[in-house]
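Peer 1: show me how the following folds:
(4 chains)
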Protein chains: 4
Amino acid sequence: MKSSPSFWVTSVSGVTSDDIIIRGYPMQELVGTVPFTAIAYLLVRGDLPTPGQARMMDVLCCSILDYGLQKSGTLAARSIVSVNPRMSAGLSAAMLGAGEFAVSPEPTGRFIEESYAAFKASGESIETFAAQYVDALRAAKKRVPGFGHPVFRGVDPRAEKLKTIAIEAGIWGEKNEWYEAVHRAFQKAANKPDFVMNDVGMLAGIMAQMGFTPAEMEGLALMSTMPGLIAHVSEEIQSGAINRLVAAENTECQVEKRDLKTDLAAAGWA
Amino acid sequence: MKSSPSFWVTSVSGVTSDDIIIRGYPMQELVGTVPFTAIAYLLVRGDLPTPGQARMMDVLCCSILDYGLQKSGTLAARSIVSVNPRMSAGLSAAMLGAGEFAVSPEPTGRFIEESYAAFKASGESIETFAAQYVDALRAAKKRVPGFGHPVFRGVDPRAEKLKTIAIEAGIWGEKNEWYEAVHRAFQKAANKPDFVMNDVGMLAGIMAQMGFTPAEMEGLALMSTMPGLIAHVSEEIQSGAINRLVAAENTECQVEKRDLKTDLAAAGWA
Amino acid sequence: MKSSPSFWVTSVSGVTSDDIIIRGYPMQELVGTVPFTAIAYLLVRGDLPTPGQARMMDVLCCSILDYGLQKSGTLAARSIVSVNPRMSAGLSAAMLGAGEFAVSPEPTGRFIEESYAAFKASGESIETFAAQYVDALRAAKKRVPGFGHPVFRGVDPRAEKLKTIAIEAGIWGEKNEWYEAVHRAFQKAANKPDFVMNDVGMLAGIMAQMGFTPAEMEGLALMSTMPGLIAHVSEEIQSGAINRLVAAENTECQVEKRDLKTDLAAAGWA
Amino acid sequence: MKSSPSFWVTSVSGVTSDDIIIRGYPMQELVGTVPFTAIAYLLVRGDLPTPGQARMMDVLCCSILDYGLQKSGTLAARSIVSVNPRMSAGLSAAMLGAGEFAVSPEPTGRFIEESYAAFKASGESIETFAAQYVDALRAAKKRVPGFGHPVFRGVDPRAEKLKTIAIEAGIWGEKNEWYEAVHRAFQKAANKPDFVMNDVGMLAGIMAQMGFTPAEMEGLALMSTMPGLIAHVSEEIQSGAINRLVAAENTECQVEKRDLKTDLAAAGWA
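Peer 2: A predicted model of the protein is given here:
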């Protein structure tokens, strides 16, 4: 699809005088017939899910739910509404709290897509290519996203649960197999047989297999944070706290007094 | 609840080393047991929904779904990602597209809460007080939010459907009765018997009856826009359009050339 | 000016193939001829400033500069870039940190405009009407924005400095006189002769006299925060801190464990 | 500098009971003594500028000023405030309109820093290494940011003006020489002797030489857009336009009606 900067093409929905046609279906027929998360699948993927895909999608939307008082996005949202008490402002700030270092499965999704494409182009067996791929990454001192957990060893129970649902739903497929082969190769090369594939890794693999792009994965993760964010922003607005700040004992100010006149003169100001 | 600016109190969730405790329940027990929208209800309202409340909540989350290519929030989101192609940036911009003039049920929710509180304090019968309340609004030339539609006359079928579900789910209650009394009083006072209560009005009434605050209503409406936004942002990123602008034929530039030297001199610059 | 939703009218600037015409003047003639803040005045107000107005404008742009590590907008910006290390994301979040409770002079500006309009319509003398106006506010238990400071008594030296510059620049005028009359009336009615007009109050009065709208005042205050925000976001990105959170000792989690099966059954789930 | 996630270290400013100490200097001494853009330099770079650096900084802050009605960030900002009429919301949305494809000099800044570091490490002469560097880029089909313009040939007059000021101010230095060498090598290798270094390229080179990081360059570019944005948002709020949308003739909706019951059955829903 190619659009010019002032001409917009869409296949998401069309508006009529009394309804909205979502991916071809009248909204009023959809609502109440299939659940919200199934309609979300339809909107993002373009087609209705099977019941199995719908169940998986519902679980994907539950992947984060609340990332708590001690996470950056919630901290930003609550800080903002402590001076500007509007739900929309808090949610807007929190949407920016997904990136390289938290919330977003995009980097993992991108890794899976790129490495899977390389595997398919290679003509090698899956185990052989996975071993080569991991060796090359390790030689370049690059990490593989989606592996490791501070507590879990051997198996991440959340990841196992996701895998079970994906298999039951008939979703599990070649991208998952590929990513698991990478995981096994990594355990072997690093000599860390207990190193888990974590829940973010499993999620990204399943979303890739379902056809979501890395950008869409980030979108779904952010949608998953919405219920917790609404709860936190509402709690903050009702809390009576105004003008949030960092406690003084948690800050260090490295500013030493200087003399303006002396320094201006030294800098050449008459 | 009262927090100091640097001390944070929450009852939304707690984090342990291997799970998150959401409103008292381990996240891993919730996910897959009840649907995403039921967990969303739990997060925002603080308690598990009944099955009827869960069904209503799912329908509430479907209240917008996609506000289309021709609406302000989508326009903002797609414009942003046409230069800064990141899902998080597009969603952040779009969250700001709820306010007085679109998307947000907050003003209607606020009206219902305030007018209902006045009714309860009045000691009057519902029909009498509704008539007085509408008269006072009309005298002050204030509008009642949640009424009217460009196409529908008599009944808004979307609002009727919501009402049917709310009654089936055992949610329909005194706030809905009050708001319908206001609607009847308005139809009578304005002599517009065909003037409908629209879907936003019905939604706000149901959400008020379920105990959501006006700010939470805005949050749920924004959550409802997420699937459509993710679809639009993804479509935009894949479209190849760069640097969105308004078509020249849709703009009028009222800038006439002026002479800088002349005008600086006239303004007193040497 | 009246625009339809898809037709845009502007008098800010026009674009040619090799330059931008800003309020009538070619950008390339403006840059280097008058300072940035004078061009900012031109852009927002529509006409070139006098040298006095330009000096005042420069000082207005210095009204905040840095609102520090312990303020909500900076906290939000730094939290966001600790997971999503992009300058644009941090600045976007911080722009939302202006509102009823911090940074924004909009409420004060609105008060001055509304009360001044009432005074002009009254036909009363300035002292008489100010006394009446303050009495009515106090009876309605409304506060007057722009007065009071935790440290300064009698005079806020920052406000005095602004007033001196405004008088020198030939800006001081009837809106300032009105707002000072309100201040005197308030000191008298509240029997607080030492209650200062603070810097935000003085700023809003001067901006009102210069013709800035309350929304523009908020914009200028946010522009004033940009240098400090850029410094903080840059410092944060370089700090190596990842995934900012609130220190555990500054949080209280009021979440008690509950039993999911029991509570689901009690809520009517089969 | 290394901070833990809940401990914050800053050298930007410190707050006392009656003043703010900006990079060591009391704010009240700075304001009115040096211009806004010189204080911005101090805040971001950490030290007072020389008068020459201050002049250059003022010109850098004028690098964009207004990117007009037909650019993505302004379009987003005006769309947002057409439903949510708040200056802070409009400015927040617009800050996201800097990225790979517009406004941000960050990619160019990053190129200059990385290529300059490679040059310094090479031990080669500047012309030799520039030729090698350009050849390698062209072989990898990578473009060099900061070169080219749709209208200007041979010389971009805006870039020339910036260069003149940088030389006068004593700023011009080795990074500029390096980037010009890359430019000459590129003109030669591509056999395009008229291919200009554009204003963004020149700006990034000067900012790099002044010590600004690529992230700070993006911040300064966004600060430069603030006056135009404030003007546009104010104009939009006053315009009376509500709920901005794309004109129907500029959209193409590729949504064909489908039958829900048929398709649900086909997807396996009972």
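
Peer 1: neighbours around A:Lys192, how many?
Peer 2: A count of nearby residues for A:Lys192, using other CB atoms under 10 Å in any protein chain shown, gives 13. C-beta here means a position set from N, CA and C on the backbone, and glycine is covered the same way.

Peer 1: now it: which helix or strand?
Peer 2: Under DSSP states H and E, no helix or strand contains A:Lys192.

Peer 1: run through the residues that contact it.
Peer 2: For A:Lys192, the contacting residues are A:Phe186, by CB atoms under 8 Å, 6 or more residues apart in numbering or on different chains.

Peer 1: switch the cut-off to 10 Å
Peer 2: A:147-148, A:153, A:186 (CB atoms under 10 Å, 6 or more residues apart in numbering or on different chains).

Peer 1: closest to chain C among these?
Peer 2: Ranked by distance to chain C (CB to the nearest CB), those are led by A:Gly148 at 14.9 Å.

Peer 1: right, and that closest one touches A:Thr108 too?
Peer 2: No. If you go by CB atoms under 10 Å, A:Gly148 and A:Thr108 don't touch, sitting 11.8 Å apart.

Peer 1: between these two, which one's more packed in?
Peer 2: A:Thr108 (25 against 16).

Peer 1: OK, contacts around the more buried one?
Peer 2: The contact partners of A:Thr108, by CB under 10 Å, 6+ apart, come to A:144-147, A:179, A:198, A:200-205, A:207-208, A:214, A:217.

Peer 1: who in the stretch 1-150 of chain A is up against chain C?
Peer 2: Neighbours of chain C within the stretch 1-150 of chain A, by CB under 10 Å from any CB of the partner chain: A:67-86, A:88-90, A:92-104.

Peer 1: next, the buried residues of the helix or strand where A:Ile165 lies.
Peer 2: Assigned by DSSP H and E, A:Ile165 belongs to helix A:157-168. By neighbour count with 16 or more other CB atoms under 10 Å in any protein chain shown, helix A:157-168 contains the buried residues A:158-159, A:161-163, A:165-166.

Peer 1: same deal with stretch A:109-119?
Peer 2: A:109-112, A:115-116, A:119.

Peer 1: dump that stretch to CSV, restricted to CA.
Peer 2: Only the C-alpha atoms of stretch A:109-119 are listed here, as CSV (Å, rounded to 0.1, in the frame of the first residue of the first chain):
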residue,chain,number,x,y,z
GLY,A,109,9.5,-9.8,18.0
ARG,A,110,12.0,-8.2,15.6
PHE,A,111,14.6,-10.7,16.6
ILE,A,112,12.3,-13.6,15.9
GLU,A,113,11.2,-12.3,12.5
GLU,A,114,14.7,-11.5,11.4
SER,A,115,16.3,-14.7,12.6
TYR,A,116,13.5,-16.8,11.3
ALA,A,117,13.8,-15.2,7.8
ALA,A,118,17.5,-16.0,7.9
PHE,A,119,16.8,-19.6,8.9
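
Peer 1: quick one: average pLDDT of stretch A:54-64?
Peer 2: Averaged over stretch A:54-64, pLDDT sits at 97.

Peer 1: and it, how far out from the chain's middle?
Peer 2: 13 Å (CA atoms, centre = their mean, to the nearest Å).

Peer 1: is chain B within reach of that stretch?
Peer 2: Yes. Applying CB under 10 Å from any CB, one finds stretch A:54-64 in contact with chain B at A:54-55, A:57-64.

Peer 1: for B:Gly228, see how far away A:Leu27 is.
Peer 2: One correction, residue A:27 is Met, not Leu. 10 Å (CB to CB, to the nearest Å).

Peer 1: the more surrounded of the two?
Peer 2: Here A:Met27 and B:Gly228 are compared on neighbour count by other CB under 10 Å; more neighbours surround B:Gly228, at 28 against 20.

Peer 1: now the helix or strand containing A:Ile237: buried residues?
Peer 2: Assigning secondary structure by DSSP H and E places A:Ile237 in helix A:214-239. Judged by neighbour count (16+ other CB under 10 Å), helix A:214-239 contains these buried residues: A:214-237, A:239.

Peer 1: any chance you could map the helices in chain A?
Peer 2: Under the criterion DSSP state H, chain A contains helices at A:27-30, A:36-45, A:51-61, A:72-81, A:87-95, A:106-122, A:126-139, A:157-168, A:174-189, A:199-210, A:214-239, A:260-266.

Peer 1: centroid residue for chain A?
Peer 2: A:Ser104 (2.7 Å; CA atoms, centre = their mean).

Peer 1: would you mind checking the residues of the stretch 1-150 of chain A next to chain C for buried ones?
Peer 2: Buried among these (16+ other CB under 10 Å): A:67-86, A:88-90, A:92-99, A:101-104.

Peer 1: can you narrow those to ones near chain B?
Peer 2: A:67-71, A:73-75, A:78-79, A:81-82, A:85-86, A:88-90, A:92-99, A:103-104.

Peer 1: using PDB, list the CA coordinates for stretch A:11-23.
Peer 2: These are the backbone C-alpha positions of stretch A:11-23, laid out as PDB (Å, rounded to 0.1, in the frame of the first residue of the first chain):
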ATOM      1  CA  SER A  11      -8.900  -0.900   5.100                       C
ATOM      2  CA  VAL A  12      -9.700  -0.800   8.900                       C
ATOM      3  CA  SER A  13     -13.200   0.600   8.900                       C
ATOM      4  CA  GLY A  14     -15.700   2.700   7.100                       C
ATOM      5  CA  VAL A  15     -18.300   5.100   8.600                       C
ATOM      6  CA  THR A  16     -21.900   5.200   7.500                       C
ATOM      7  CA  SER A  17     -24.600   7.500   8.800                       C
ATOM      8  CA  ASP A  18     -25.700   5.100  11.500                       C
ATOM      9  CA  ASP A  19     -23.000   2.500  11.900                       C
ATOM     10  CA  ILE A  20     -19.300   1.700  11.500                       C
ATOM     11  CA  ILE A  21     -18.200  -1.100   9.200                       C
ATOM     12  CA  ILE A  22     -15.300  -2.800  10.900                       C
ATOM     13  CA  ARG A  23     -13.200  -4.900   8.600                       C
END
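
Peer 1: buried stuff in that stretch?
Peer 2: Per 16+ other CB under 10 Å, stretch A:11-23 contains these buried residues: A:11-15, A:19-23.

Peer 1: pipe the helices of chain A into CSV and attach distance to C:Ala136 per row.
Peer 2: Formatted as CSV, the helices of chain A follow (distance: least, CB to CB, whole Å):
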stretch, distance to C:Ala136
helix A:27-30, 50
helix A:36-45, 50
helix A:51-61, 53
helix A:72-81, 31
helix A:87-95, 32
helix A:106-122, 56
helix A:126-139, 72
helix A:157-168, 61
helix A:174-189, 70
helix A:199-210, 59
helix A:214-239, 29
helix A:260-266, 46
